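In: Pasting a predicted model and its sequence here:
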Amino acid sequence: MFKTTAAGAALSLLALAGCSSDGQIQATGITVTRSACPAVAIPAATGDVTLFNPPTSRDASAIDVVANISNLRATCDESGEYVQSNLTFEVSGRRSDASGAREVVLPYFSTVVQGGSNVIAKRLGRVALRFEDGQLRASTTATANAQVLRSAATLPEDIRKQVTRERKPGDADAALDPLSDPAVRVAVQRATFEVLVGFQLTEDQLRYNATR
């Protein structure tokens, strides 16, 4: 189910930009600082939801409410035993009939994923969109939080040294990506975490998003 918006990126890029141990990778003219904080993303096909009236219809004329998640942001504290991430995001909606005040409650999830596929924690929440009489649009802000054991997001010392070792032009392995070593690649993947946020959709809603 969880196919992130960054799923097409190479593992090396995810390892650099995502979460793992502190340190720097120095390659030919490039220095990248790494953090223990997890990357955040909205999984593909879960960032919006469409409600129909009647619920069993999929005709465009039956669309009742459309909502989407945007502006997903995170603040992170990596100073303790656990890396704490607090997320905020906006939920915006549009309804087809502006008559009468109405509240639409939508369920959402936040998950912690290790290594790109292993879900280690999941929480459910609910967010309410309040449409005033005569208004077609509504928006609100929602929150989520997650924690990752810092030791789990830290590379073993030998792997860290191999990844962060300075490589200078002229060295025999200067052009070699350290992640080409299977042991390094597996260790980095194991220490890589993401926090994913999206609407908690039914199978029918997921199918609609994937095939429309």
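Out: Received the coordinates, thanks. Residues are numbered from 1 along each chain as shown.
In: just so I have it, where are all the strands in this structure?
Out: Taking DSSP state E as the criterion, the chain carries its strands at 23-27, 30-34, 39-41, 48-52, 63-77, 82-95, 102-114, 118-131, 137-149, 193-199.
In: For stretch 49-58, list every residue counted as buried.
Out: For stretch 49-58, the neighbour count (16 or more other C-beta atoms under 10 Å) marks Val49, Thr50, Leu51, Phe52 as buried. No exception for glycine: its C-beta is placed from N, CA and C like everyone else's.
In: for stretch 77-95, same thing?
Out: Glu78, Tyr82, Val83, Gln84, Ser85, Leu87, Phe89, Val91, Ser92, Gly93, Arg94, Arg95.
In: With stretch 94-112 instead?
Out: Under the neighbour-count criterion of 16+ other C-beta under 10 Å, stretch 94-112 has Arg94, Arg95, Arg102, Val104, Leu106, Tyr108, Phe109, Ser110, Thr111, Val112 buried.
In: Same question for stretch 60-75.
Out: For stretch 60-75, the neighbour count (16+ other C-beta under 10 Å) marks Ile63, Val65, Ala67, Asn68, Ile69, Leu72, Ala74 as buried.
In: Quick check: Ala210 touching Pro43?
Out: No: using C-beta atoms under 8 Å, Ala210 is not in contact with Pro43, being 11.5 Å away.
In: With neighbour numbers in mind, choose between those two.
Out: Pro43 (20 against 10; other C-beta atoms under 10 Å).
In: so what pLDDT did that one get?
Out: As predicted, Pro43 sits at a pLDDT of 94.
In: what separates it from Leu196, distance-wise?
Out: In this view, Pro43 and Leu196 are 5 Å apart by C-beta to C-beta, to the nearest Å.
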